[in-house]
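Peer 1: just coords:
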């Protein structure tokens, strides 16, 4: 049974930082592209970042480029999202997702590319 469990969310002031983690179990972690998505109230789920199996390629939404860093530790079956210079518009529930391929597809930014999802962790940025 595949499980993805996010942690590290919380309340932070604008300009602050948070580090999200996604612990994976029940799968061969290195066989999966991993991604982060987020969903704000009344908005659709949107792509944030993705990373392929060997950390050789990373991808970011324009809205977070230069502020967020995605990484993974394959020995720990864990993915991370370091979020710096947070803005109120970053407020959302953040989800981790796993896509059963080792290299990202050309449509890595589409939620329907991903096979498994976590339950999400709330990030709230106050102004």
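Peer 2: Received, thanks. Source: prediction; values computed, not measured.
Peer 1: Spell out for me which residue occupies the centre of the protein.
Peer 2: The chain has residue 36 as the residue nearest its centroid, 2.0 Å off, counting by C-alpha atoms, centre = their mean.
Peer 1: Show me what that one bridges to in the sheet.
Peer 2: Judged by DSSP bridges, the bridge partners of residue 36 are residue 49, residue 96.
Peer 1: The helix or strand containing residue 70 - what's its average pLDDT?
Peer 2: For residue 70, the element it lies in under DSSP states H and E is strand 68-73. Averaging pLDDT along strand 68-73 gives 96.
Peer 1: any idea which helix or strand comes after it?
Peer 2: strand 78-83.
Peer 1: distance between that next one and the chain's centre?
Peer 2: Offset of strand 78-83 from its chain centre (C-alpha atoms, centre = their mean, to the nearest Å): 7 Å.
Peer 1: now that strand against strand 68-73, angle please.
Peer 2: With axes from the mean of the first three to the mean of the last three C-alpha atoms, to 10 degrees defining the directions, strand 78-83 sits at 160 degrees from strand 68-73.
Peer 1: Run me through the strand neighbours of strand 78-83, direction for each.
Peer 2: According to DSSP bridges, strand 78-83 has these partners: strand 18-25 (antiparallel), strand 68-73 (antiparallel).
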